[in-house]
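[1] My questions are about this predicted structure, shown below with the sequence.
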Amino acid sequence: MSAGIAPQTPAMQPVRQIQPPYEWWERFVASDPGLTRLRTAGQAVASIGAAMLAEWLLARTTGQTDHAATVIAMMVGAVVGMISTFVGPMFQRPLAVLASLALVPVPMIGGMALGLALAPFHVAALASLVVVLAAGAYLRRFGPRGFFGGQLLFMGDFFGFFLGRLMTIADLGQLALIVIVGTAVAIIAQFTLFYPSRRTALRRLRRSFVGRVSQVADAAIDLLDDPGDKQRSRLLQKLLIRLNECALMVDAQLADQAALPRGATAAALHQRVFDSELTLTNTARFAERLSDPEVPADLRALVRQALIAVRDRDPDGAKEAANAIRTRLKETGPADGADESKRLDQTIRIVLHRFTTSVIGHAEVMRMIRDHPEPSDIPDDSDNPFDPAVTLAGGWLPGSQKVSATASTEAGARWIDRVKLEPYARVTIQMAVAVTGSIIVGSLVSPQRFYWAVIATFVTFMGAHNATEQIRKSAYRVLGTLIGVVVGVVLAHLIGDHTRMSIMVILVALFFGIYLLRVSYAFMVIGITVMMAQLYVQLNEFTDALLLLRLAETAIGAAIASLTVLFVLPVRIRQVVAVATREHLQALDEVAGLAIERLREPGSDSDLRAAARRLDAAYQALEAATRPLRGRLPGVGGGGLREQFWYAATSSRHYARNLVIDTGWSSCLPEELGVELQTAGKLLSNSIKEIIEAFEEQSFTDRTYMRSAALFDRIASGLDDEDVTTPRQLAFRDLELIDGSLATLAQSLGIQVEALDTSRVSP
């Protein structure tokens, strides 16, 4: 197959084995978009440490000599500092952050007043915990301030209940002063050490994006060197998802004019990031296909050379390697009909052509970034400002939050899932039921320490948006507590009552717990449990049995929360995946429709790029929704969506993104073919709607997906293009591949698939 190709093979350049410190730092930056995890953990520890010091100084100033009372004051200040850390990322403007932090004492002191007032009346105090937690859940309807207000109200009520055996309502002023001092310290830390500058946040995100670009190129090189390695292939796909995640996070910041670098425009920055991410994604995907041993060795060497140049941010080297591949393609193309052995397989030719186009496109973006780092070549439209496809939640993509919220307002297939409620109303009811159960069962185990079960129930409903996520969080809570108990017991016996060492252990444990929170919630629980062990040492209450009791109560709270979300107004993963799939398909339909219109009539590419970004956002939501159960996705009729569902959804997005590029370079069709294309596009759109309706009605087996690939193939065959690698031909191939992916997805759901004719691209 490779006979007749120049035998001179470029020397294989080894992948770097020894990484210099700068590259390790780059990998660290890439692992944490915008250094958000690092800054959050650092701010939390700084705020907690400073608050503990301030409360200690306050105790000394007021003449407080009781060690236990001082420790409690420091604990309250630390909790205020920790919660305040998570307030800042929820708001865009520094003034909004300041206003929200300044309001922290209001709900917390109010909760303390309620807890202290009811502490002598045990049953009423327990009832207040249920009411306060349910009310806090309902406050989520008022956005971030309502969410944090509910948390602070509960923490205040809990502290009032907890301290009721030591204090009375007459001591509220002392507690209020402690809360105010902790809040003041948190505000100072936020606006001195961790000022919420959107411009610097955007700069950090762009730096992380560049680091992820290098990671993707490195992974593609590794896969090229070791073709067929499934683990490396999965790693590459994971890195591509993370690259897209970072690109969407950058886009989300561009909506704020205060975040833009001086002289730059949101439209120009968006196009840079979009083009960079899309061309690199395609470069890596096509490189994976070109790792096939059937591709001649000298061409694979040139592919590798191009990837190394991309990794090292060498636009000239990348373009040189891509042009060398194009030269090889000309030497082995269909025009050379004298010797059949010189020709490459048509599929390989197309992939090589796409690869070189993507590499050259990425090289151009690299060159523009190098020469003009703050672009302004595309002016912002004051009448139509930049509108990102996604809004961040606490500095991160919202994950399954929005699709879970939508699922909550729609009726499910089973009778138990048919109640439609707003998320805050549903959580309010679930919280009341779960907390009541935790109090009853937890009190049977320990009337004094039942609140650990209550807290375990409370946190289950924070940051988890459907039954599967909530059950997973409960499991991580128990696992983290188990590990934390072991670590906490060991450290407690090693350190003893050395206060300074104890504080250091607390700060270190919390830093790593918060920093690794996005990796696994269990790490956060480990840090909290270690902190609690040290706290009880300082209060002279520590025993090994006490931590084991904490583990038992935590397991009770987690179990009751899990049972509640399963049987009381559940939002099941089945419903969430259905909503996420529907929104993914709707976004895909929009991209295909705009691309088809672009092939029929001249138009702007900006609408097509915006639609592609909406598809990216929908795909990220689908990825988050299916992540807990990937490989055994819940399906219909008691069955399961086969693994091909995920790969079909992923490939349909990839082909749609290819379509965006190819359509942008295509010339318009003749009028008569444009009419045929409109008909084919309508069939594709109707077939997509057939899948969507199947999800909405939970009726799959009696529906039919009608293939449209044959229509696209017939139109492409009627064009006068000189080669299958012209942009128009590639655009039609993309449409056929999209149809094929959707046919596979439909089959995985049990939908019947029918073809008009035999197409040149199989499902």
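    Structure's in. What do you need?

[2] Can you give me the first-to-last residue distance of stretch 562-581?
    Criterion Cα to Cα, to the nearest Å; first-to-last residue distance in stretch 562-581 is 25 Å.

[3] what's in contact with stretch 210-222?
    Residues outside stretch 210-222 that contact it (Cβ atoms under 8 Å, 6 or more residues apart in numbering) are 15, 26-27, 29-30, 229, 232, 235-236, 239-240, 242-243, 246, 276, 280-281, 283-284, 287-288, 304, 307-308, 310-311, 313. All C-beta atoms are positioned from the backbone trio N, CA, C, and that covers glycine.

[4] Weed out the non-buried ones from these.
    Those of the contacts of stretch 210-222 that meet the buried threshold are 26, 29-30, 232, 235-236, 239-240, 242-243, 246, 276, 280-281, 283-284, 287-288, 304, 307-308, 310-311, 313, by 16 or more other Cβ atoms under 10 Å.

[5] In helices, which of those appear?
    Under the assignment DSSP state H, the buried ones among the contacts of stretch 210-222 contribute 26, 29-30, 232, 235-236, 239-240, 242-243, 246, 276, 280-281, 283-284, 287-288, 304, 307-308, 310-311 to helices.

[6] Strands of the protein, start to end?
    Per DSSP state E, the chain has strands spanning 633-634, 640-641, 704-706, 752-754. These are given in chain order.

[7] Spatially nearest residue to Val537 (excluding sequence neighbours)?
    With sequence-adjacent residues excluded and distances taken as Cβ to Cβ, 6 or more residues apart in numbering, Val537 is closest to Ala492, at 5.2 Å.

[8] ok, how many other residues are close to the one you found?
    Using other Cβ atoms under 10 Å, Ala492 has 22 neighbouring residues.

[9] and the strands of the chain, which one's lowest on average pLDDT?
    For these, the weakest mean pLDDT is recorded on strand 633-634, namely a mean of 42.

[10] Helices of the stretch 51-200 of the chain, residue ranges please.
    Along the stretch 51-200 of the chain, the segments classed as helices by DSSP state H, counting those that start in this stretch run 67-85, 94-102, 105-118, 122-138, 144-162, 172-192, 198-225.

[11] so which of those comes closest to Gly740?
    Of all the helices of the stretch 51-200 of the chain, it is helix 198-225 that lies closest to Gly740, at 23.5 Å by Cβ to Cβ.

[12] buried residues in that closest one?
    Neighbour counts over helix 198-225 (16+ other Cβ under 10 Å) mark 198, 201-202, 204-224 as buried.

[13] got it, and stretch 433-441?
    Val433, Ala434, Val435, Thr436, Gly437, Ser438, Ile439, Val441.

[14] and the fourth one, what is it in contact with?
    The reference is to Thr436. Each residue near Thr436 by Cβ under 8 Å, 6+ apart is listed here: Val130.

[15] So Tyr515 is in contact with Arg37, correct?
    Yes: contact criterion Cβ atoms under 8 Å: Tyr515 and Arg37 qualify, at 5.3 Å.

[16] Pretty sure Ile83 sits against Met155.
    Yes: using Cβ under 8 Å, Ile83 is in contact with Met155, at 7.1 Å.

[17] the more surrounded of the two?
    Between Ile83 and Met155, counting by other Cβ under 10 Å, Met155 is the more crowded of the two (25 against 20).

[18] If I look at the more buried one, what pLDDT would I see?
    If you check Met155, the pLDDT there is 95.

[19] ok, now which ones touch it?
    Met155 touches Val79, Ile83, Met108, Gly111, counting by Cβ under 8 Å, 6+ apart.

[20] Where does pLDDT dip in the stretch 1-150 of the chain?
    Residue ranges of the stretch 1-150 of the chain with pLDDT under 70: 1-21.

[21] actually the chain, not the one I wrote
    Counting by pLDDT under 70, the ranges of the chain that qualify are 1-21, 333-343, 382-383, 630-642, 722, 757-763.

[22] what's the distance between Ala201 and Phe511?
    21 Å (Cβ to Cβ, to the nearest Å).

[23] and if you look at Arg37?
    Arg37 is 11 Å from Phe511, by Cβ to Cβ.

[24] next one: Thr36
    From Thr36 to Phe511 the distance is 15 Å (Cβ to Cβ).

[25] Going along the chain, name the helices of the stretch 351-500 of the chain.
    Going by DSSP H, counting those that start in this stretch, the stretch 351-500 of the chain shows helices at 401-408, 423-445, 451-460, 467-495, 499-515.

[26] next one: the fourth one to chain centre, how far?
    A distance of 24 Å separates the C-alpha centroid of helix 467-495 from that of its chain, computed with Cα atoms, centre = their mean, to the nearest Å.

[27] which helices and strands does that helix pack with?
    Helix 467-495 sits against helix 451-460, helix 499-515, helix 521-538, helix 544-567, helix 573-600, with contacts defined as 3 or more Cβ pairs under 8 Å, 6 or more residues apart in numbering; DSSP states H and E.

[28] domains of this structure?
    For the chain, automatic domain parsing gives the domain ranges 21-196, 202-252+266-371, 399-571, 573-754.

[29] burial of Phe567, as a residue count?
    Neighbours around Phe567, by other Cβ under 10 Å: 12.

[30] Let me see the contact set for it.
    Counting by Cβ under 8 Å, 6+ apart, Phe567 has contacts Ile416.

[31] Roughly how far does it sit from Asp417?
    Taking Cβ to Cβ, one finds Phe567 at 11 Å from Asp417.

[32] With Met167 instead?
    Distance, Met167 to Asp417, by Cβ to Cβ: 46 Å.

[33] ditto for Leu95
    On the measure of Cβ to Cβ, Leu95 and Asp417 end up 43 Å apart.

[34] who's more crowded, these two?
    Asp417 (18 against 9).

[35] isn't that one right next to Arg572, touching?
    Yes: here Asp417 lies in contact with Arg572, judged by Cβ under 8 Å, at a distance of 6.0 Å.
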